[in-house]
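K.L.:
next one to model:
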Amino acid sequence: MAVTKLTEARIRDLKLGSGIHRDTEVKGLMVICHKTTKSYAVQGDVRRNGRHVRTVRVKIDRVDRIGLRDARNRARVLMSQIQSGVDPTDGPDETGITLSGALDAHLEEKQRRPRTVEGYRYHLDHYLKNWRNKAVADISRQMVRDMFADLKRRHGEPTAASVMRTLRAVINTAMRITEADLLDKAFDETEIVRRLSTADIIVAHNAVFDRPFFDRRFPQLRDRPWGCSLSQLDWLKLGYDGRALGHLLLQTGLYFDGHRAANDVVALTALLGRQLPDGRTIFSHLLETCVAESVRIEAVGSPFEAKDALKRRGYRWDPNGRFWWRELQRPDLNSETTWLDEEVYFGRGRPRLRVITPRERFAEPG
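P.N.:
Numbering: from 1, shown residues only. Model prediction:
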């Protein structure tokens, strides 16, 4: 078994059938060279109460489907679970849904503000990360009471109560989902890839929520540009009140039965095709914003006590990189870096800047 610092070039040069090659940079990450393919995987020891339970190996994806950086990010998440005593290879019990899956279902039930979605995900990734892959039916009342007591002791009662509200809402959603809801439901993945591989842009009404799901399900389409009709249009300037899809449709004299994927697609398509008094469609205004480059400002190394100020400023938490970030247009960059220096770093640090293209926008940071 070879041990080396993996690079894209070294991985390309690895011979098929040469076995396992471990990475020195991310613990547990390896490239397995089979006879016909190369795959990323992660391996680690699950320990509970100081006792070795089992050694697990989890396949991440094929080398030709994802890059090394993405593989390392996924490996870090998986190793965090493994080192917390969670076996990622454990299937959920008869409920058929994990806490992570229940959160996804809860967020898909209706349109929520991006900051609300961010708060739910922050609670799961930061405070409930050991329960992400646990079947909802395995979470007992006593476990919840113990979790609340631990959170209250370590983070204070307001934080503990907020996390419990998230947990209660997600579990209530899980209890409403039955196997009948999922029976005979499947994506035609071949057709989806065929159609979208030639798309000039993929548009969603809240792309920051939708794209991470899409990228994980269809990694071969990760290079597609994305646009967001929720955040990249100034709806007030266009003559509309609010940003919720159903409310926008009502202002055009249309109505739809929302919160089902097919209905949402038809509704958004109809909305974007509406012609405005300036003679342009809403979609043409959206494209104008989508094609422009922006800058992601990452407040790496910011002190913990600055988190509330960063949240109020519109920054989001990246649980993998463990930093706060927000995306800005270039004209706003100088004033933002000045604010960070004066209100966050106080001359003892500086943010990291990344140019964001439409192909990268709304993807999970990493």
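
K.L.:
now do the strands in the stretch 101-250 of the chain.
P.N.:
Along the stretch 101-250 of the chain, counting by DSSP state E, counting those that start in this stretch, strands occupy 202-204, 226-228.

K.L.:
for Arg361, see how far away Cys228 is.
P.N.:
8 Å (C-beta to C-beta, to the nearest Å). No exception for glycine: its C-beta is placed from N, CA and C like everyone else's.

K.L.:
list the residues that contact both of those two?
P.N.:
Residues touching both Cys228 and Arg361 (C-beta atoms under 8 Å, 6 or more residues apart in numbering): Ala207.

K.L.:
sorry, back to before: check the strands of the stretch 101-250 of the chain for me and report the most buried one.
P.N.:
strand 226-228 (a mean of 22; mean count of other C-beta atoms under 10 Å).

K.L.:
tell me what it is packed against?
P.N.:
The criterion is 3 or more C-beta pairs under 8 Å, 6 or more residues apart in numbering; DSSP states H and E, and the helices and strands that strand 226-228 contacts are strand 202-204, helix 207-217, helix 282-290.

K.L.:
let's have these in CSV, adding mean pLDDT.
P.N.:
Below are these laid out as CSV (pLDDT from 0 to 100):
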stretch, mean pLDDT
strand 202-204, 94
helix 207-217, 83
helix 282-290, 93
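
K.L.:
of the ones you listed, flag the one that's most buried.
P.N.:
Highest mean neighbour count among the helices and strands packed on strand 226-228 (mean count of other C-beta under 10 Å): strand 202-204, with a mean of 19.

K.L.:
now do it: which elements does it pack against?
P.N.:
Partner elements for strand 202-204 (3+ C-beta pairs under 8 Å, 6+ apart): helix 207-217, strand 226-228, helix 261-272.

K.L.:
off-centre distance for the longest one?
P.N.:
Mean-position distance between helix 261-272 and its chain equals 23 Å (C-alpha atoms, centre = their mean, to the nearest Å).

K.L.:
rewinding a little: which one of the helices and strands packed on strand 226-228 lies nearest to Thr7?
P.N.:
Across the helices and strands packed on strand 226-228, the minimum distance to Thr7, taken as C-beta to C-beta, is reached by helix 207-217, at 22.8 Å.

K.L.:
contacts for that closest one, please.
P.N.:
104, 107, 114, 117, 187, 202, 204, 221-222, 226-228, 230-231, 361-364.

K.L.:
out of the helices and strands packed on strand 202-204, which gets nearest to Met147?
P.N.:
helix 207-217 (25.5 Å).

K.L.:
output that closest one in CSV with nothing but the alpha carbons.
P.N.:
Provided in CSV are the C-alpha atoms of helix 207-217 (Å, rounded to 0.1, in the frame of the first residue of the first chain):
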residue,chain,number,x,y,z
ALA,A,207,-30.2,27.9,-6.3
VAL,A,208,-28.1,28.0,-3.2
PHE,A,209,-30.4,25.3,-1.8
ASP,A,210,-31.0,23.3,-5.0
ARG,A,211,-27.6,23.1,-6.6
PRO,A,212,-25.8,21.1,-3.8
PHE,A,213,-28.4,18.4,-4.0
PHE,A,214,-28.2,18.4,-7.8
ASP,A,215,-24.3,18.3,-7.9
ARG,A,216,-24.3,15.3,-5.5
ARG,A,217,-26.8,13.4,-7.6
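
K.L.:
quick revisit: and the helices and strands packed on strand 202-204 as CSV, adding distance to Thr55?
P.N.:
Formatted as CSV, the helices and strands packed on strand 202-204 follow (distance: least, C-beta to C-beta, whole Å):
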stretch, distance to Thr55
helix 207-217, 25
strand 226-228, 39
helix 261-272, 39
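
K.L.:
pick out the residue nearest the middle of the chain.
P.N.:
Pro212 (4.4 Å; C-alpha atoms, centre = their mean).

K.L.:
from Leu245, how far off is that one?
P.N.:
Pro212 is 19 Å from Leu245, where distance means C-beta to C-beta.

K.L.:
ok now stretch 97-115, how far from the chain's centre?
P.N.:
Between the centre of stretch 97-115 and the centre of its host chain there is 12 Å, according to C-alpha atoms, centre = their mean.

K.L.:
what residues of it count as buried?
P.N.:
Residues 97-103, 105-108, 111-112, 114 are the ones in stretch 97-115 that count as buried (16 or more other C-beta atoms under 10 Å).

K.L.:
give me the mean pLDDT for that stretch.
P.N.:
Mean per-residue pLDDT for stretch 97-115: 80.

K.L.:
again with stretch 174-187
P.N.:
Stretch 174-187 comes out at a mean pLDDT of 64.
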